[in-house]
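Asker: need coordinates for the below:
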Amino acid sequence: MLIKALLIALYAGLAGIDLFDVQLHFHRPVVTGAIVGLILGDFEKGLVVGATLELVWMGMVPLAGAQPPNVVIGGVLGTAFAILTKVDPKVAVGLAVPFAIAVQAAITFILTVYSWFIHKADKYAEEGNVKGVEFINLAGMIPLFIFYALVAFLPLYFGADAAKSIVNSIPKVIIGGLQVAGGIMPALGFAMLLKIMLKREFIHFLLLGFVLVTYFKLSLIAVAIIGIIVAAYSYFNGNLKNDDGEAITDGI
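Answerer: Reported below is the predicted structural model:
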């Protein structure tokens with residue numbers, strides 16, 4: 001378990017840097033689930049748990065001081081504990097969110113401490129010290145990597161067996177409650193995403209997707225492909241308009 005915990009910690013550290021500095025998006029739960037599942041020897045369940053957690057975090061966007069529960073630790077520990085304790089993916093959501101909320105509070109503190117580095121970078125910029133500015137930006141990644149790696153490693157290596165025992169001792173009625181809550185959370189994530197993105201002129205497409213899934217029993221992939229076709233048709237026929245009301249007719 002030591003090697004597996006170290007590998008997951010390494011990934012968590014890199015994902016923490018990706019969240020704030022690189023933005024290749026391998027910190028997202030859908031990727032996290034696959035990688036953690038591969039490390040722990042259950043790739044299929046890792047994908048399922050990661051996809052479930054992605055639905056939860058899809059609409060949780062960090063904006064300035066408003067920071068949602070931490071997506072990296074939520075994805076890593078949620079997937080890992082779901083595989084190690086052999087619980088339903090929906091229960092994994094209930095296991096992931098408390099860790100994610102606690103870690104985000106710590107991240108907010110770390111970012112507050114980082115304000116000193118920002119002032120130092122401003123000073124280097126005024127002096128024209130390019131290497132100094134580069135050093136500050138690169139050095140800021142080190143504490144993030146260490147923090148995320150430790151937070152992922154310690155619960156997995158020292159608490160995996162304890163977590164499994166605790167989960168096994170939880171009454172079935174509570175596990176059932178966690179499954180219900182876990183089933184609601186993806187809907188909440190979508191609701192938050194729709195609050196940001198949905199426009200009145202696109203509501204009929206939302207209803208169409210609902211009908212295709214509910215009554216025609218199409219898979220989400222099939223509906224997504226139909227959505228891409230509709231979006232491409234609208235785009236290339238100039239049916240989308242910019243904020244000034246002018247048709248968008250140029251290429252991608």
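
Asker: ok, which stretches of the stretch 101-250 of the chain are helices?
Answerer: For the stretch 101-250 of the chain, the helices defined by DSSP state H, counting those that start in this stretch occupy 115-127, 130-139, 141-169, 172-197, 203-214, 220-236.

Asker: so what secondary structure elements neighbour the shortest one?
Answerer: Contacts defined by 3 or more CB pairs under 8 Å, 6 or more residues apart in numbering; DSSP states H and E place helix 130-139 against helix 115-127. (C-beta placed from N, C-alpha, C; glycine too.)

Asker: average pLDDT across the helix it packs on?
Answerer: Averaged across helix 115-127, the pLDDT comes to 83.

Asker: tell me the contacts of residue 80?
Answerer: Contact partners of residue 80, counting by CB atoms under 8 Å, 6 or more residues apart in numbering, are 8, 36, 40, 156, 160.

Asker: let me see the contact set for the second one.
Answerer: For residue 36, the contacting residues are 8, 11, 46, 50, 75, 76, 79, 80, 83, by CB under 8 Å, 6+ apart.

Asker: identify the residue spatially nearest to it, adjacent ones excluded.
Answerer: Leaving out its chain neighbours, the residue that sits closest to residue 36 by CB to CB, 6 or more residues apart in numbering is residue 79, at 4.4 Å.

Asker: element containing the one you found, please.
Answerer: helix 71-85 (DSSP states H and E).

Asker: and for residue 228, the neighbour number?
Answerer: Using other CB atoms under 10 Å, residue 228 has 10 other residues around it.

Asker: look up how far residue 117 lies from the residue located most distally from the centre of the chain.
Answerer: Using CA atoms, centre = their mean, the residue of the chain lying farthest from its centre is residue 127. It sits 38.6 Å away. According to CB to CB, to the nearest Å, residue 127 stands 16 Å off from residue 117.
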